[in-house]
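J.: the following comprises the amino acid sequence and a computationally predicted model.
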Amino acid sequence: MQTPRLERIGPLRLVGLMRRQNPALDAEDTARQLVQQWHDYITQRLEPVSTRDRLGVHLRMADGETHFDYFSGIHSDALVPQGFGELLFPAMLCAVFPYQGNVAGLRRFVHTVFANKLPIAGLSLMPDSARTPEFIERYGLDFDPETSSGGLEILVPVQE
């Protein structure tokens with residue numbers, strides 16, 4: 001099993017769209033909703049967005065179990081356009097896990113990361129805080145938005 005790479009990120013100021021998602025939906029429905037959120041973000045954005053800039057942020061479960069807040073956006077110093085929001089994160093150490101599959105399989109991969117890969121690597125999650133995400137999706141240059149596959153990394157904030 002591959003050991004995750006550790007990377008320090010932040011502080012970050014992200015500008016984008018926040019929506020509440022229902023993980024009780026099947027993985028394909030959830031993936032479709034997230035793809036639609038990204039589409040809405042990209043088409044409503046005033047400044048150009050490259051695939052390299054995209055960060056999807058999974059915040060802590062919004063109501064404890066049935067919904068989570070998902071933020072689609074980019075690192076930006078620009079003014080926040082009407083209808084958009086911002087997230088501010090402090091500097092944090094993250095375990096980075098590459099994922100090459102389709103986003104429909106991401107839920108299963110993230111479960112494996114939290115249940116197996118972090119403990120095997122001897123890493124502990126950063127304590128729950130309103131100032132840190134549960135995890136971040138980072139889309140690379142080789143992510144293909146048409147197939148929703150490849151070039152994706154999962155960044156999990158961990159204790160130092």
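T.: Structure received. Numbering: from 1, shown residues only.

J.: partner strands of the top strand by length along the chain and their direction?
T.: If you go by DSSP state E, the chain has its longest strand at strand 12-21. Using DSSP bridges, strand 12-21 pairs in its sheet with strand 68-75 (antiparallel), strand 85-89 (antiparallel).

J.: out of the ones you listed, flag the one nearest residue 24.
T.: Ranking the strands paired with strand 12-21 by proximity to residue 24 (Cβ to Cβ) places strand 68-75 first, at 10.7 Å. Quick note: C-beta positions are derived from backbone N, CA and C, even for glycine.

J.: buried stuff in the closest one?
T.: For strand 68-75, the neighbour count (16 or more other Cβ atoms under 10 Å) marks 68-74 as buried.

J.: for that strand, what is the average pLDDT?
T.: Mean per-residue pLDDT for strand 68-75: 85.

J.: got the CA positions of that strand in PDB?
T.: Output of strand 68-75 as PDB, limited to C-alpha atoms (Å, rounded to 0.1, in the frame of the first residue of the first chain):
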ATOM      1  CA  PHE A  68     -22.800  17.400   4.200                       C
ATOM      2  CA  ASP A  69     -21.900  20.800   2.900                       C
ATOM      3  CA  TYR A  70     -19.800  20.900  -0.300                       C
ATOM      4  CA  PHE A  71     -17.900  23.900  -1.500                       C
ATOM      5  CA  SER A  72     -16.700  24.100  -5.100                       C
ATOM      6  CA  GLY A  73     -14.300  26.900  -5.800                       C
ATOM      7  CA  ILE A  74     -10.800  28.200  -6.300                       C
ATOM      8  CA  HIS A  75      -8.000  29.900  -4.300                       C
END
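
J.: alright, I will stop here.
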